[in-house]
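K.L.:
Structure of the sequence below:
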Amino acid sequence: MRHGIRRIAVCSVLAAGTLALAPAADAVTPTTATVSFDCGLYGSGAATLTATQNGTSATIDLSTSAITAPIDVGANSVKSTLTLTNKGAGAVTFTGSSNPAIPAGSPVSTGPLSGTVASGDSLEAKSLKVVVMGITATCNATSAQTPGPFVF
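P.N.:
Residues are numbered from 1 along each chain as shown. Here you go, the predicted model:
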């Protein structure tokens, strides 16, 4: 009986040690949100943003019907800057030049856009700048992000 209790105690200590050593999972919520953009002469429409987090690093993938490709656009040729407000004040930017190939007439997709976050950041899309073949489209959010800001 003593050996059984000792085994249970050892197993309990090992299990607790394993849990203590497990890395904390970073979780952004929500992971997907929508917002509307007005891009002036280039159009307006909805955008879907998908966020992920790994420690203080975060990425956002973005697809929007506000801008469509006038001609076929090659992969990794769209430079994008997404600016988000943090709790309605200060700004955080996510940048990148990674995109899939975009056929003429299709909505622009870009990302992952990379940025740095801190625990407790509450980020909501404010503006988007997209540069395709030297042409810059600047878009401003015309709606609140739904279902709400990304909280890291």
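
K.L.:
Could you pull up the mean pLDDT of stretch 98-110?
P.N.:
The average pLDDT for stretch 98-110 rounds to 93.

K.L.:
ok, now stretch 54-65?
P.N.:
On average, stretch 54-65 scores 96.

K.L.:
same thing with stretch 123-135?
P.N.:
94.

K.L.:
list the buried ones in it?
P.N.:
Neighbour-count burial for stretch 123-135 flags L123, E124, A125, K126, S127, L128, K129, V130, V132 (criterion: 16 or more other C-beta atoms under 10 Å). Glycine gets a C-beta too; all of them are placed from N, C-alpha and C.

K.L.:
The residue nearest the centre of the chain is in what secondary structure piece?
P.N.:
By C-alpha atoms, centre = their mean, the chain has its centre lying nearest to I60, at 2.1 Å. Element membership of I60 [criterion: DSSP states H and E] is strand 57-68.
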